[in-house]
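In: Sequence and computational prediction follow.
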Amino acid sequence: MHLNALWYVLRNGIAWRALPREFGRWSTVFQFFNRLSLAGFFDWLHSRLVCGQGAEAVFFDSTHCKVHQHAHGGKHSKMRAVGSSRGGLNTKLHMVADAAGRLAAPVILTAGNISDHTAAPDLTGSLRNTAAVADKGYDSKALRHRLRTRGCEPCIPARSNIKWPEPYDEALYRSRHCIENVFQRIKVFRRVATRYDKTDRMFLLFVTVALSAVYEKNSLWTPM
């Protein structure tokens, strides 16, 4: 019953208090998953989703998630991954995925006003011996150097104002839609498309469950 309630909240993006009565008391359901999260269960689940390491090519990018007014406030609110951008308050999801849509590194949350370039070192720190494909927002000599020291070949086009752009594999770059497909699939779930959670921990819980749902549908789970 609790799992059904979680799917309902994830899919419809409702407040916990708006759970239909047939799922039981909303506070009981919330505390059940809150305690699971505090116990590290969803961290473990997230680690199980990182199964795209070792792929010939990986694709990384970020997407904005609008922050709902109900996500404001709470303890340690200044430490949350929420920031103001042109579209208002946002949280950014940074992901790395292979061509099949499987995570190749853990998801990172940042404030919406943090640039992709700033988050890139942490996002790509675990990549080894693969082609790393990204858009112009990641154009940086320092990032290319870090990738190459770990055996990765960057496939990142240069910005238009660069006088001597570095060459890249244009055919491979055309497959960059793989990461955009992952974002599109998880944003079908309204609780991910819009952030309603005050804490990064609870928001990442819903991102993890949404990814697990996509993986289950597409049979991308790794064996236990």
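Out: Cool, got the structure.

In: domains for this structure, by residue range?
Out: Per automatic domain parsing, the domain ranges recorded for the chain read 2-39, 54-200.

In: among those, which is nearest Ser47?
Out: domain 54-200 (7.3 Å; Cβ to Cβ). Bear in mind the C-beta positions are built from the backbone N, C-alpha and C, glycine included.

In: what's stretch 160-168 in contact with?
Out: 139, 144, 154-158 (Cβ atoms under 8 Å, 6 or more residues apart in numbering).

In: Which ones among those residues map onto helices?
Out: Using DSSP state H, the subset of those located in helices is Arg144.

In: Now a ChimeraX select for only the buried ones of the contacts of stretch 160-168.
Out: Selection of buried members from the contacts of stretch 160-168 for ChimeraX, criterion 16 or more other Cβ atoms under 10 Å:
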select :139,144,154,155,156,157
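
In: Who is Ser85 paired with across the strands?
Out: With DSSP bridges as the criterion, Ser85 is bridged to Gly88.

In: Distance check, it against Leu93.
Out: Between Ser85 and Leu93 the computed distance is 14 Å (Cβ to Cβ, to the nearest Å).

In: Mind putting the domains of the chain into a markdown table with mean pLDDT and distance to Val207?
Out: Below are the domains of the chain laid out as a markdown table (pLDDT from 0 to 100; distance: least, Cβ to Cβ, whole Å):
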| stretch | mean pLDDT | distance to Val207 |
| --- | --- | --- |
| domain 2-39 | 93 | 10 |
| domain 54-200 | 91 | 6 |
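
In: Which of those sits closest to Phe206?
Out: domain 54-200 (4.7 Å).

In: Do me a favour and get the end-to-end distance for that closest one?
Out: End-to-end distance for domain 54-200, by Cα to Cα, to the nearest Å: 28 Å.

In: Show me where the chain has its helices.
Out: Going by DSSP H, the chain shows helices at 2-12, 26-38, 41-49, 116-123, 141-149, 170-173, 177-186, 190-193, 200-217.

In: Show me what counts as buried in the last one.
Out: This means helix 200-217. Here helix 200-217 shows 200, 202-215 as buried, counting by 16+ other Cβ under 10 Å.

In: and if you look at stretch 125-144?
Out: In terms of neighbour count (16+ other Cβ under 10 Å), stretch 125-144 has its buried residues at 127, 130-135, 138-140, 143-144.

In: Go through these and name the one nearest Asp43.
Out: Of those, the one sitting nearest to Asp43 (Cβ to Cβ) turns out to be Leu127, at 20.4 Å.
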